[in-house]
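*Asks:* what shape does this take:
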Amino acid sequence: MKLAELVCNCDWANIRSAILRLYPDDRKNMAGFESIFGRLQTLTPAITEMRIVLEEVFDDGENERYTHICGKDGTLKKEENPEVFKDDEIGNQEMSYGIEFVEWEEWIGMDIDPESLSKYSAADILVHCLWEMTFYGYTQEAIQKQAKQLKEDAENAKMSLREE
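*Replies:* Sure, this is the predicted structure:
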């Protein structure tokens with residue numbers, strides 16, 4: 001099942017309830033979430049090999065559980081970086097990619113990982129995706145501006161390290 005199908009099969013009332021339950025501190029951003037939910041219904045999904053994976057993780061530093069969202073496309077760690085990863089348990093794990101900067105058309109074109117579909121309700125999956133999609137802003141332009149700024153900051157940091 002693709003994210004686009006979840007968007008079409010869920011109604012705003014269920015999504016709103018799930019946001020209030022899962023992200024109660026984001027109550028103030030409800031209008032932004034609603035706007036994006038509506039926008040997603042109008043987009044044409046892009047073709048992609050990436051799929052959305054939701055995983056429960058425990059953050060030792062914060063001493064709490066949260067739902068981690070990432071993209072996976074079947075690439076193994078040893079394939080992505082053979083100098084670091086060997087043909088062992090770690091090297092044969094699938095790579096996880098951050099997808100918070102991915103265009104929304106690609107998001108809605110992604111399949112939902114079957115294991116995630118079995119562990120989470122449709123509304124919860126959609127809400128976690130909406131939260132991740134809007135982490136850096138409520139428009140694609142704002143998100144891409146943030147991505148560009150982070151890339152520039154990383155390049156400047158590399159240059160500074162080389163100069164030292």
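
*Asks:* which residues of this structure score low on pLDDT?
*Replies:* Applying pLDDT under 70 to the chain flags the ranges 164.

*Asks:* which residues are in contact with the biggest helix by length in it?
*Replies:* Longest helix of the chain, by residue count under DSSP state H: helix 140-163. Helix 140-163 is contacted from outside by 100-101, 103-104, 133-134, 136-137, using CB atoms under 8 Å, 6 or more residues apart in numbering. All C-beta atoms are positioned from the backbone trio N, CA, C, and that covers glycine.

*Asks:* repeat that with 10 Å
*Replies:* 36, 39, 43, 100-105, 133-137, 139 (CB atoms under 10 Å, 6 or more residues apart in numbering).

*Asks:* out of those residues, who's nearest residue 7?
*Replies:* residue 43 (8.8 Å; CB to CB).

*Asks:* from the contacts of helix 140-163, which single one is nearest residue 14?
*Replies:* Using CB to CB, residue 36 is the member of the contacts of helix 140-163 that lies nearest residue 14, at 15.5 Å.

*Asks:* would that closest one count as being in a strand?
*Replies:* No. Per DSSP: H, G, I helix; E, B strand; the rest coil, residue 36 lies outside any strand segment and is helix.

*Asks:* that one: neighbour count?
*Replies:* Applying other CB atoms under 10 Å, we find 18 residues neighbouring residue 36.

*Asks:* does it touch residue 132 like I think?
*Replies:* No. Taking contacts as CB atoms under 10 Å, residue 36 lies outside contact range of residue 132: 11.4 Å.

*Asks:* most neighbours among the contacts of helix 140-163, please name it.
*Replies:* Most surrounded of the contacts of helix 140-163: other CB under 10 Å gives residue 133, at 25 neighbours.

*Asks:* my guess is it contacts residue 104. True?
*Replies:* Yes. Counting by CB under 10 Å, residue 133 does reach residue 104; the two are 6.5 Å apart.

*Asks:* overlap in contacts of the two?
*Replies:* Both residue 133 and residue 104 are contacted by 3, 36, 40, 140, 143, under the criterion CB under 10 Å, 6+ apart.

*Asks:* looking at these, which is nearest residue 115?
*Replies:* residue 3 (15.5 Å).

*Asks:* tell me how far that closest one lies from residue 126.
*Replies:* Here residue 3 is placed at a distance of 8 Å from residue 126 (CB to CB, to the nearest Å).
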